[in-house]
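1. starting from these lines, generate the structure:
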Amino acid sequence: MPVKAELRQFYPWNWPSIAREVKRRAFGVCEQCGAPEGALVRRRILDPGEYVFADEVAVQDELLFRPAVRVVLAAAHRDGRLVDHSFENLRALCQRCHINEDRPRRGVVEPRPLAFVSPP
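-> Take a look at the predicted model:
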């Protein structure tokens, strides 16, 4: 996953090679859920931690899964701080696990249902 422009100043010049090494060390799979990089996977709606390969979803189970996505691994900071780029503080996570891990630190609020307002 590319680094956002506003955060580039916090990463070293050799970040791409560091990230590549972190993913290689993890054998190309997410260290949280085990999803392999580049695979087309689908996640269950009620149990998003579980994944299946997209072509393994039976037609009758179609409504139980989210749309298929290609797994992209990124090097993620274990402690969430962008100052320690040591290999001990980095691990390979897929986009879903990386977002879920960073969510509490970013202050992202879970979506809530909109209140229905009847027209005047």
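
2. what residue lies at the spatial centre of this structure?
-> In the chain, the residue lying closest to the centroid (C-alpha atoms, centre = their mean) is Gln95, at 2.0 Å.

3. nearest spatial neighbour of that one, skipping sequence neighbours?
-> Val72 (5.3 Å; C-beta to C-beta, 6 or more residues apart in numbering). From N, CA and C alone the C-beta is placed, and that goes for glycine too.

4. for Val59, see how far away that neighbour is.
-> Between Val72 and Val59 the distance is 27 Å, computed by C-beta to C-beta, to the nearest Å.

5. between those two, who's got more neighbours?
-> More crowded of Val72 and Val59, by other C-beta atoms under 10 Å: Val72, with 16 against 5.

6. surely that one and Glu37 touch.
-> Yes. With contact defined as C-beta atoms under 8 Å, Val72 counts as touching Glu37 (6.8 Å).

7. give me the common contacts of these two.
-> Taking C-beta atoms under 8 Å, 6 or more residues apart in numbering as the criterion, Val72 and Glu37 both touch Cys94.

8. in contact with the residue nearest to the centre of the chain, which residues?
-> Counted by C-beta under 8 Å, 6+ apart, Gln95 has contacts Met1, Val69, Val71, Val72, Ala74.

9. which of those residues has the weakest pLDDT?
-> Lowest pLDDT among the contacts of Gln95: Met1, with 60.

10. circling back: need phi/psi at the residue nearest to Gln95.
-> For Val72, the backbone dihedrals (degrees, to the nearest 10) come out as phi -120, psi 120.

11. one step back: can you pull the pLDDT of the residue nearest to the centre of the chain?
-> For Gln95, pLDDT reads 89.
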